[in-house]
Structure formats: C-alpha cells, structure tokens
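1. heads up, no residue letters with this:
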C-alpha cells in the first residue's frame, strides 16, 4: 500500500499559489501539492500530469513543505554576473586610452591589459581586454589608413628610389637580370 501524502496543513496555501502562480515552477509546485492531496493521485500520476519526473515532484513537495507553504520569488538569472568592472567603471577605465586614440595615438592592447590587471589586482585573459574594447566600439577610434607616427614624405621618397617598386628595372640596373633574359 502506498504512503498517504503529507502536507494537508499546506493545502490552502497551495491552492492560493495555484491561483496566483507567476512562473511555471510555482504552478508545478502547487500542482505537486494539490493533486495527491485533493484527488488522491500517486506521485507517478502527478509527474505525468505536471510533466516532470517523479523525483522532481517529491522535491517540489518537500521544498514547499520546508518553506512552510511560502514561495520566495527570486530574480531570474540574467545580466553580467561575471563582469570585471561595471559598465560605468569600464568607461572610466578606458577614457584615458580612448582620449589618446582620438588625438592620433593608437590603442595598444598590451598596455590596456597591464593596466586592467593592475586595476583588478589579478591576472585576466587577453580576450577580456578585446571583449572590453569591443563593447566600447574601439575600432572606430584607431587610425586605419596609416600609422600616426609615419612620415609620408619619407614613404614617397622611398617609392621613387629605383629598384624598390618591384619592377625589373632595378635588377637590371644593378646587373642582376632575370634568368629568362638571354642578353649578355
């Protein structure tokens, strides 16, 4: 013979929970209490109705009884639970690096990585720095056409030097012809 369901003293609270359930867990918990007590269903039948395993029905019932018929509504998971810095702290931390990038400097990831590790007091992965920069649209600030310390005149002069543009003229001028040249 199966054991009789316990928790009759919490039946009214379970009915109230059933009427005011805000989540699926609360609904299932109320059903796990009411179905065996009101309709004399077994745990297997209750699990078939609620859509959870028999062990989970027992767990829901026990949890409800231990809490004296009260269900604490906790906030659901979400947000950045593993954040190194809050979004406001990230903006404050990155502001000197971004200001330097706006005036023509470049963002050097190794410098930011070292500063972040010093600020946090522990080592962090390099990917954390790239993720931090990505969250704050760092790519828009880095000059992408040329290095800010480059010398455009020196580059143009280098292009005008014979033999540095990749053509065959420079090789022939220095006496090094291609193997395909037969003229000697």
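-> Right, received. Where do you want to start? Keep in mind that what you see is a predicted model, and the values were worked out from it rather than measured.
2. Can you give me the neighbour number for the closest residue to residue 68 other than its chain neighbours?
-> Leaving aside its sequence neighbours, residue 68 sits nearest to residue 10 (Cβ to Cβ, 6 or more residues apart in numbering; 7.5 Å). Bear in mind the C-beta positions are built from the backbone N, C-alpha and C, glycine included. Neighbour count for residue 10, taken as other Cβ atoms under 10 Å: 20.
3. Please tell me I have it right and residue 10 contacts residue 67.
-> No: using Cβ atoms under 8 Å as the test, residue 10 is too far from residue 67 to be in contact (9.3 Å).
4. can you list residues touching both of the two?
-> By Cβ atoms under 8 Å, 6 or more residues apart in numbering, residue 10 and residue 67 have no common neighbours.
5. Identify the residue nearest the geometric centre of this protein.
-> residue 80 (7.4 Å; Cα atoms, centre = their mean).
6. So for that residue, what's the pLDDT?
-> In this model, residue 80 is scored at 81, pLDDT.
7. tell me the SS of it?
-> coil (DSSP: H, G, I helix; E, B strand; the rest coil).
8. Burial check on residue 53, number of neighbours?
-> 12.
9. The residue nearest to the centre of the chain and residue 123: what is the separation?
-> Separation of residue 80 from residue 123 (Cβ to Cβ, to the nearest Å) stands at 20 Å.
10. helix or strand right after whichever strand or helix holds residue 116?
-> Using DSSP states H and E, residue 116 maps to helix 109-120. Downstream of helix 109-120, the next assigned helix or strand under DSSP H and E is helix 126-135.
11. and the angle from that next one to helix 109-120?
-> Interaxial angle, helix 126-135 versus helix 109-120 (axes from the mean of the first three to the mean of the last three Cα atoms, to 10 degrees): 100 degrees.
12. Sort out which residues of helix 126-135 are buried, please.
-> If you call a residue buried by 16 or more other Cβ atoms under 10 Å, then helix 126-135 has these buried ones: 129, 132-133.
13. Next, count neighbours for the nearest residue in space to residue 36 that is not next to it in sequence.
-> Spatial nearest neighbour of residue 36, excluding adjacent residues (Cβ to Cβ, 6+ apart): residue 5 at 3.8 Å. By other Cβ under 10 Å, 19 other residues sit near residue 5.
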